[in-house]
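Engineer: give the three-dimensional model of this entry:
(chains A, B, C, D and E)
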Amino acid sequence: MAEHRTVKLEVQGLHKSFVLHAVDGRRINALNGIDLAIHTGEHVALVGSSGAGKSTLLKSVYRTYLPDSGTVTLRLAAGAAVELTGLEDRELVALRVREIGYVSQFLRSEPRRSVRDTVARAGRRRGLDHDASLDAAAEILRRLGIGENLWRSYPSLLSGGEKQRVNLASGIICPPGLLLLDEPVSALDPANRESVLALIAELTSWGTTVLAVFHDLDAIERLADRVVLLSGGTVAESGHPTDVLRTLTNPLGAIA
Amino acid sequence: MGYVAARGGTEAIAAAEELVRRSRLNADASWLELDQLTERLRYLNDRVMGEGGLWAPQLAARAIRQAEGDVIEAAHLLRAHRSTLPRLCELIPADADELRPLRRIVPAFREVPGPQLLGRTLDYTGRLLDLGDEDQARAAAAAATAAAARHPEDDPAENAGATEPPFPERLLDVLRRTDLAVDRRRDDDPEPTDISQVAVRPGIGRSAVLSVMARAETGALVNLWYRNILGPDNHLHEVTLGEVRHGELPIRVRHPRTGNPVLLGHLRATEVEAIEDLDGADEDRTRFDVGYGLVAGHNERKAIAMANLDIALHRDHSDSGLEQSVLMTTDGLDASGFLEHLKLPHYVTFRSMIERKQAMRTDRARNERKGRRHHPAPVVTPAAEQAAVPAGEVTP
Amino acid sequence: MTLLDPTISPVALLAADTSSRELLDEFSKREIRRAVLTAVAVPGYQVPFASREMPVARGWGSGGLQITLALVGPEDTVKVIDQGEDAGVNAANLRRLIADTTGVDTTTVAGEATIVQTRHRVPEDALGDDQILVLQVPVPEPLRGVERDMTELRRMHAEGDYARMWVSLYEDLVRNGVITQTTGYPCLVGGRYVMATTPIPRWDIPKLHRSAHLSLFGAGREKRIYAVPPHTDVEPLTFDDVPFEVERTEGASCHRCGAGSPDSGVESFLVELPGTEGGRWVCSDTDWCNRRLSSGMVAR
Amino acid sequence: MSAAIDAIRLASTARLQGSASTVVFRVLLEALARPGRPLELPELAMDPRLPNALLLPLALADLGTSFWVHGLYDERERKLAADVVREATGARLAAPNVATFVVCLDGDPSVPSRVRIGSELAPEAGVKMAVQVENFATGAPISITGPGIAEAFITTVGLDRAFLKALRNRNQPPVGIDTWVFDRHHRVLALPRSTRIGVVDDVAREGVN
Amino acid sequence: MTPALRVDGLGKIYGPGTTADVAGTGPGFNRVVSPTSGGIVAAWDVSFEVGPGEALGVIGESGSGKSTVMRCICGDEEPTTGSIRLASVDGGGTDLRTLSPARRRALRVDRLAVVYQDPAEGLDLRLSAGGNVAERLTAAGWRNFGRIRERASELMLRTDVPLDRMDDPVREFSGGMRQRVQLAKALANNPPVVLLDEPTTGLDASVAASVLDLIRDLLEELGVAAVVVSHDFAVIEMLTQRVVVMHHGRIVEAGLTDQLLEDPQHPYSQRLVGAARG
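Structural biologist: Numbers count the residues shown, from 1 in each chain, chains lettered A, B, ... in the order given. Down below sits the predicted model:
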C-alpha cells in the first residue's frame, strides 16, 4: 500500500457516554478515550465485539452522537484542519455535503422519489449540475448492479439488498473526502457484494479515506489497509489486518 | 318636441310638496298642539330628541307633527335644523352624579343605599287596551290637570324623590368599595367627543362610541343587542342591572369671557349601569365588569342595550366587527336614508349593468364557438416548464 | 390675555352674519372647506368630515349638497343634474334648495355653470378650468367589495395595498371573461389611491383623467370628501393586456339628436327607452342633446 | 391693554363673514388646485397692517381648530397677529407641532420641520400653512410638477432654498404640509404636499455629479 | 456567511407581565405563567440563524412556544423583546421590528413567506387557486393578465395542483390540495426565507406524506432558507438538517437533526424522542 503521509482524521481522547434521564440519569459509557489517526486515502476497518463502540465511534465522528470530550480533527480537501466536536452546527451541516459522508446499513426512505433521482439528488447536493448528476447516478447504479428497469421505480418497492445499494450509491456519488461506512454490505447476496466491494476499493484509490465497520472478515481482508480493534470503548489493538485478526480467537464472532 | 328641459321635475316635486302640505292641514281633526305631544306623547317626544341629538321639546314636537308621526323623519328634521345653527360654545361635561332621580331601581339588591324608586313607568301597568269611554277620559284628564295646577307639590311624578337625598349612592360605588368591580373609567379620552363634529370610525375613543349609541335609532340598538344575545354574533351575555335611573340633569356652559360655569338648564336623561360576570380565560374572574348607558329623555330599553353593548365592546376583540357595527350601522338617519335612496332614478347605472351582461354573453358565445372556457390555463411552453420545474423533476 | 368685551363671544360675532335661510352655518362651511382643501392636496384620499344633516335624506345627495353649499359665492352659477338630466326630480329638488337658500343663479347649460353638481354622470362637454364638478357619492369606499372591516380598509389605503382589488379583477376575468364592474369603476388617482368613481358610468371616466376642471366628491352619509385636481391621472384599474371598456351598444343612437349614429360623427352616453316594439335610445345628458337640436346641428 | 384693544379693533376688520369668507376660500381652493400659479386675492376690509398670510386661518379656522403664528423678528407683530386670529375665529393658539393652521410670517426654514404632517393612516392631520413673503419674483428658482400642474414649469415663489428644501423634505405624500404663500402684492399661490418641488440649482448640480 | 434569517433573544410575554416576570418561568419551573404577575411567558431568549438552502426545525409540544416564535418572526405578533433580521433587508443590518408595520407587511410579498397549518390562514378560500397566487403577484406589481396566468400555471404545475382546478375556488379543494395552493402562493415571488408552521398537520397520512415530499423537493431546489415548526419528528427529520427543541417557551436544546433524534441531550428532548420512537 502507498505511503500515507498526511493525517486525514485524528481522534484524540474521545469519550462518549449516554445519560438516560428517564432512568434516574443512569450513565452508559460507550467510548472511553479513543485515540486514532487515519491517513488520507487509508481504509481503516473497525472490529470488536458487540458493544465495543464501533458504530458509536462512527457516529461520534459524524456528530450524530455528541462526544463528551476529546477531539476529532478532520483535514479538509483544501488542506485546512477542522476540529469537529466543537464545530458550529451550521458549519458541520456544510461539511457534511462535501467533506464527510456517512452510509448506514439502513436506507433513509424517500418514498416518492425514483431510484435514479434519489441518487442524482445526492450528487446535486454535492455540486453536480442536473445532467451530470443523472449521468453519474446512472453509472454508479450500473456498477452496483441496479438495472435500468429499476431506475424509475420507488425505493420502497425494492428488496433489502437493492435498497442498501441505492443507499450506498447516494453515499458515494461524488464521494466525500472521508467516508464512514456502517455495515454497508450486510444484506447483499454474494454477487452484488462483489461489485460493492470493488467499488469501495476503487474509492480509496481515488483518494477517499474510509473508516468502516464490516460484518464479514473477507471484506476486511480485501479492503482494509489497517484494522483497529475496539474493546470496552478503547482501542485495544491497531495494525495490519492479518496481524490483528490473527490475535482474535474467534474473529468472526468478535466482529459480528 | 314634448321634451322640456328642467321644468318637469320641478313641477312634479312642487305638486307633491303642495299635496303633503294641504293634506296635513286638511285632516278631519283639530290642529295638533305642541303640548299634546310634549305632555301626552312623552316617550315619542323623548325618543325623537334622543335620536335627533337635540334637547328641544317644543322643536321635537313640531318635528313630529310635521313628519306626521314618522320618528326617523322627525329626528331628521331636528338634526337638519341643528345644522343651520351656529355652534357658539361647548358644554361642560355633565356630571351624572347630579342627576336628580325621578325613578331609580337597583335590580341587583333588595335594599340599597338610597331609595328603590319605581317612579313613572309603564313596566307594571296592565297591558290591556283601555277601551273606556272617551268623554269620561277627557273629563278625567281635565280634572287631574286642574288639580295638579292647584297643588303642584302633590304631583307624584314630579316629586317622587323629594323625601330622599337627591343623589343616592350608586351600587357601583358599593362594588368599588369592596373591590368587586373592574374600573373602566379611563383618562385617555378626557374631553367627550362631539360626534356631530367628527366622522367617527373604528378606533375612536369610548366617549364617541357611547355618544353614537346615545344617538342611535332605538330599534337598531335594541336589535343589535338582541342579535348579539341570541343571534350568530354572540358577543353578549345577559347582564345584571346595577342602576336604572331616570331624572333631571343640570347642563352648564363655560362663560366665553370669564370661564365660569353657567347653568343653562336641565334635560331629562336615562342612565343605566350594567354588571356582567367576567368569564374570559384571560380575565379577572374575581371581579365584575361594568357597562354604562346614558340617553337623552326617558328611554330605558335603549339605555340598557347601550350599557350592555358597552361591556361587549371593551371585552371584545377589536377584529370582531362589533365596534364597526355599533358605530356605523345604528344611526336611523343613515340607514333609512340609504335604504330609501333606492327610490331615486338609477337608469344610468342600470344601463351600464345591462351593457356588462351583454358583454359577458358576447364573450361566452365567442368562447363557445371556439369550444373553450373563458381563459383557459395557458399551455406552459417548454421554456416555461424549464423555469417552473427545476432540474431533476423531468423524467424522460 | 383677556379681551375686553365681557359679554360677546368672538364666535358669536362670527356666527351672527349667517343668514337664517342658509342650510349651513359659517362653522359648518369652514369644516367642509378644510376637508375639501385636504382632499385636493391628497388626490383620491377619502378625507373624513363631520357631515351635517341636510334637508335631504342621507343617500340623496347630502354630501354633494354640502360641498356645493360650502363653495357657492355670489358670483357662481350652479347646474344640477341627476342621471345627466336637469329635469329629474332629485336634480330639481336639489337645485331648488340651493337656489332658495343661497340666492345663487342656476342654469341648465353646462358651459354657463361655475359649479356643476351631479349624480351618476359627468356632462358630455368637457368642463373648463374655471368650472368645478361636484359629484354626489353614495359609497365612497372602492374596496368595500373585497373588504368590509374599516380598520383594515384604512390600512390598505395607507399602505397602497391594493392586491386584493387586483385579484378581484383577475377573478372576474377568469370567471366571466370580462371585467363586470359596471359603474363606479375603481380608478387609481395620481398613481397613489384607488378611488370610487361614484357610480358614474365607465363612459365618463376618461373625462376625469387629466381634466382641466377640478372634481370634488361628497359622501354625506359616510362622511367622506375626496377630490381629483385638474391635470391629475385617473386610471381605471385594468391589466396591461386587458383593455378598459366603456358602455357602447352596437347600432344604438339617440332618437332625438342622432348622436351615436355613424353619420353624426359624435357619441354620447345613451340610455334605453324600452318600448313594446323594441327600445329606443336617447342621450342621458339632456342639455347636451337639446343644444345639438337647437343649434341646428341635427336635421329634424 | 392697548394691545388688546388694538387686537379687537383689528379683528373686527379681519373677521371674514358670509361671502367674504367664501370668496377667500375659493381663491385658496383655486390656488391649491393649480399649484404654483399666483392668484389675486379679493378686495377685503382687512386692516392693511395685518399680513395677508393671516387670511388662511381667518377664512378657515373656528372653535374646533387651533393655530400657531411664527415670526422670529417682531414679537409684537407675531403676538398681535395671534390675538387677531383668535379673536376673529375662536380658534385656540397651540404649539406648532399640533396646530391645525400655522402662519409663518418670516420664511424661517425651521418651520416646516416643526409642524405636523399627518400620517399615512391620517393624512388629514397634515398642517395647513401660510407663509408671508415679499414678492413671488424673488427667491430660489424651483421646478414644480404634480397634480394640478399640466406641465412642469420653473418659477420662484419668494422663498429661499433653505425653506423650500425643508418643505420638500417634509412632503412625502400622502403626508406633508399644504402651503399657501402670500406676497405683499395681494397675491397668493399654493404648494400642496402633492407638488414635487425641485430646487433648480440642485437639479443642475446633481446633473453634473 | 450571512444568514438569510437571524433571530436574537426573541421573547414574547402575553398579559400583564413585564420582563421582570420571566424569572420563575420556563422548563426549570415547569410553567410559562409568571407566578408574580400572571403574565404568560410564551417564548423567551430564542435565538437562531438559518442560511440559504438550509432548513431549521423548531420542535416542541403544543404550548411550547414554537408557533409564537414563528408568528413573531413573520409579524403576525409583536415580540416583547429581541431582534429579527433578514439578509434581504439591508443586508441583515436592520431589525425588522424597527420597520413600520406597512414595510413589515410588505416583506411578506417577496422576502418572507409563511405556510400556515390551516390553509384558511394563508389563503382566501373564496378565491380561485390562481387568484390566490395572483394576489401575491399583483402585490409585487404584476399587471399583465396573461403573464400572471402563466406564472400561476407554472406554480400549479410545480406544486402538483391540476391545471384544470386552477380556476376553482379553493374552498372546494381538499385539505392536501389547499396546502399545495398555499405553497404555490408562498413561493410566487421566490422569497428567500419561508416559514412553515405544521404544514402537514391535520392532513391524512398519505396526503401528508405527499405534501411533505413536495415541500422537501421545493426546499432543496429553490435554495430557500426555511424554518419548519412542527411537533412531528417525521416532518422534522425529513425536512431539516438542524433543529431546536422548545419547551415552556425556551430552547432547551439545539443541534443537528440526526443528533437530536439519536443522541438527545436534554431530559425533555429524550422524553420527546422516546415518546416519538415509541
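Engineer: going by C-alpha atoms from here, please, whenever you check contacts or count neighbours.
Structural biologist: Will do.
Engineer: quick one: the helices in chain D?
Structural biologist: D:2-14, D:18-33, D:55-60, D:75-89, D:161-170, D:200-208 (DSSP state H).
Engineer: tell me the secondary structure for E:Asp45?
Structural biologist: Three-state call for E:Asp45 (DSSP: H, G, I helix; E, B strand; the rest coil): strand.
Engineer: what do you get for E:Val252?
Structural biologist: strand.
Engineer: what does the residue in chain A that chain E sits nearest to show for phi and psi?
Structural biologist: Nearest residue of chain A to chain E: A:Thr64, at 4.1 Å (Cα to the nearest Cα). Here is the backbone geometry of A:Thr64 (degrees, to the nearest 10): phi -70, psi -30.
Engineer: so what's the residue count around it?
Structural biologist: 22 (other Cα atoms under 10 Å in any protein chain shown).
Engineer: what sits against the residue nearest the centre of chain D?
Structural biologist: Centroid check for chain D by Cα atoms, centre = their mean gives D:Ala130 as the closest residue, at 1.3 Å. D:Ala130 makes contacts with D:53-54, D:56, D:101-104, D:179-182, as judged by Cα atoms under 8 Å, 6 or more residues apart in numbering or on different chains.
Engineer: look up the residues forming beta bridges with it.
Structural biologist: D:Val103, D:Trp180 (DSSP bridges).
Engineer: same check, this time on E:Pro169
Structural biologist: Assigned bridge partners for E:Pro169, using DSSP bridges, are E:Ser128.
Engineer: tell me where the stretch 101-250 of chain A has helices.
Structural biologist: Taking DSSP state H, counting those that start in this stretch, the helices of the stretch 101-250 of chain A run over residues A:115-125, A:130-143, A:148-151, A:160-172, A:190-206, A:217-223, A:241-247.
Engineer: make a markdown table from these and add mean pLDDT and mean neighbour count to it.
Structural biologist: Listed next are these as a markdown table, based on pLDDT from 0 to 100; neighbours: other Cα atoms under 10 Å in any protein chain shown:
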| stretch | mean pLDDT | mean neighbour count |
| --- | --- | --- |
| helix A:115-125 | 88 | 25 |
| helix A:130-143 | 91 | 19 |
| helix A:148-151 | 89 | 14 |
| helix A:160-172 | 87 | 24 |
| helix A:190-206 | 86 | 16 |
| helix A:217-223 | 88 | 17 |
| helix A:241-247 | 83 | 16 |
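Engineer: export those helices as a markdown table, with columns for distance to C:Thr77.
Structural biologist: Formatted as a markdown table, the helices of the stretch 101-250 of chain A follow (distance: least, Cα to Cα, whole Å):
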| stretch | distance to C:Thr77 |
| --- | --- |
| helix A:115-125 | 78 |
| helix A:130-143 | 76 |
| helix A:148-151 | 86 |
| helix A:160-172 | 87 |
| helix A:190-206 | 97 |
| helix A:217-223 | 106 |
| helix A:241-247 | 112 |
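Engineer: out of those helices, which is closest to chain C?
Structural biologist: Here helix A:130-143 is closest among those (Cα to the nearest Cα), at 36.0 Å.
Engineer: pull out the buried residues from the helix or strand containing B:Ala60.
Structural biologist: In the assignment (DSSP states H and E), B:Ala60 maps to helix B:57-66. Residues of helix B:57-66 classed as buried by neighbour count (16 or more other Cα atoms under 10 Å in any protein chain shown): B:57, B:59-66.
Engineer: can you give the distance of the next helix or strand after that helix from its chain's centre?
Structural biologist: Using DSSP H and E, the helix or strand that directly follows helix B:57-66 along the chain is helix B:71-83. Centre-to-centre, helix B:71-83 and its host chain are 14 Å apart (Cα atoms, centre = their mean, to the nearest Å).
Engineer: who are the packing partners of helix B:71-83?
Structural biologist: Using 3 or more Cα pairs under 8 Å, 6 or more residues apart in numbering or on different chains; DSSP states H and E, the elements in contact with helix B:71-83 are helix B:42-52, helix B:57-66, helix B:332-340.
Engineer: export those helices as JSON lines, with columns for mean pLDDT.
Structural biologist: Shown next, in JSON lines, are the helices and strands packed on helix B:71-83 (pLDDT from 0 to 100):
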{"stretch": "helix B:42-52", "mean pLDDT": "97"}
{"stretch": "helix B:57-66", "mean pLDDT": "96"}
{"stretch": "helix B:332-340", "mean pLDDT": "94"}
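Engineer: out of these, nearest to A:Ala212?
Structural biologist: The closest of those to A:Ala212 is helix B:332-340. By Cα to Cα, the value is 82.7 Å.
Engineer: tell me which other helices or strands the closest one touches.
Structural biologist: For helix B:332-340, the packing partners by 3+ Cα pairs under 8 Å, 6+ apart are helix B:71-83.
Engineer: thinking again about what came up before, so which of the helices of chain D is nearest B:Gly247?
Structural biologist: Short answer: helix D:75-89, nearest of the helices of chain D by Cα to Cα, at 37.1 Å.
Engineer: does any bit of the closest one sit next to chain C?
Structural biologist: Yes - using Cα under 8 Å from any Cα of the partner chain, helix D:75-89 reaches chain C at D:87-89.
Engineer: of those residues, keep whichever come out buried.
Structural biologist: Buried among these (16+ other Cα under 10 Å): D:87-89.
Engineer: of the residues you listed, list those near chain A.
Structural biologist: Answer for these near chain A: none qualify (Cα under 8 Å from any Cα).
Engineer: so which of those is the closest to chain A?
Structural biologist: D:Thr89 (69.2 Å).
Engineer: isn't the closest one up against D:Asp62?
Structural biologist: Yes - judged on Cα atoms under 8 Å, D:Thr89 makes contact with D:Asp62 at a distance of 5.0 Å.
Engineer: what's near enough to touch the residue lying closest to B:Asp277 once chain neighbours are set aside?
Structural biologist: Nearest residue to B:Asp277 in three dimensions, chain neighbours excluded: B:Phe288, at 5.0 Å (Cα to Cα, 6 or more residues apart in numbering or on different chains). Under the criterion of Cα under 8 Å, 6+ apart, the neighbours of B:Phe288 are B:180-182, B:275-278.
Engineer: about what we covered before: can you put the buried residues of helix B:57-66 in JSON lines and add distance to chain C?
Structural biologist: Below are the buried residues of helix B:57-66 laid out as JSON lines (distance: Cα to the nearest Cα, whole Å):
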{"residue": "B:Pro57", "distance to chain C": "19"}
{"residue": "B:Leu59", "distance to chain C": "16"}
{"residue": "B:Ala60", "distance to chain C": "16"}
{"residue": "B:Ala61", "distance to chain C": "18"}
{"residue": "B:Arg62", "distance to chain C": "15"}
{"residue": "B:Ala63", "distance to chain C": "13"}
{"residue": "B:Ile64", "distance to chain C": "15"}
{"residue": "B:Arg65", "distance to chain C": "16"}
{"residue": "B:Gln66", "distance to chain C": "13"}
